[in-house]
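A.B. asks: 3D model of this:
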Amino acid sequence: MSKFPLGLKRSAAMIVLRHQQQFLLLERANEPHKGKLVPVGGKLEPFEDPYTAALREAEEETGIKLSQLQYTGVLIESSPNAYNWQCNIYLADIPYQPPPYCDEGILRWVHYDEIPNISTPPTDWHIYQYIMRGQIFAFNARYDEALNLLSLVDEIEGKEVLG
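C.D. replies: Got it, this is the predicted structure:
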């Protein structure tokens, strides 16, 4: 198997699971973002499209079999190290249920208003705001070598959204 070239984007799909004003988020047990709360998701498998990957990842990580997803946008992340991603992000509105077991970490419900006060990747609060407004996004995030977010641009509106 060949080595994945440094800097080449890896493809992923994330699924924001929502019940009204709450999100079912994963407290990651592994890097990247160990200990932070994130949507479920993961890398695309060979020959897999992002929508199919999102359905598969949601079921693998939560046991929830989704029949339909809503596309919400794309997040492109670039850094001078191995953290380089193109992530298609989907939304699924689901009925409330106790958080299921997940071997990737701990799933928990978080109210939308609590999200600015919890540990998440720096791009995620912006993603949740756009989702709650029903606004499609195309985010371009740039990081330094220590993975500090330097800029986050909404390429649809052509404006910086950090702050």
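A.B. asks: next one: phi and psi at Ala92?
C.D. replies: Main-chain torsions, Ala92, degrees, to the nearest 10: phi -130, psi 120.
A.B. asks: for the helix or strand where Val110 lies, name the packing helices and strands.
C.D. replies: Here Val110 sits within strand 105-111, counting by DSSP states H and E. In terms of contacts (3 or more Cβ pairs under 8 Å, 6 or more residues apart in numbering; DSSP states H and E), strand 105-111 is packed against strand 22-28. All C-beta spots, glycine's among them, are computed from the backbone N, C-alpha and C.
A.B. asks: the next helix or strand after the strand it packs on pairs with which strands, parallel or anti?
C.D. replies: Reading on from strand 22-28 to the C-terminus, the next helix or strand found by DSSP H and E is strand 37-38. Sheet pairing of strand 37-38 (DSSP bridges) gives strand 22-28 (antiparallel).
A.B. asks: need the helices for this protein, in chain order.
C.D. replies: Using DSSP state H, the helices of the chain run over 50-62, 124-133.
A.B. asks: would JSON lines of these with distance to Leu25 be doable?
C.D. replies: JSON lines is the format used below for these (distance: least, Cβ to Cβ, whole Å):
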{"stretch": "helix 50-62", "distance to Leu25": "11"}
{"stretch": "helix 124-133", "distance to Leu25": "9"}
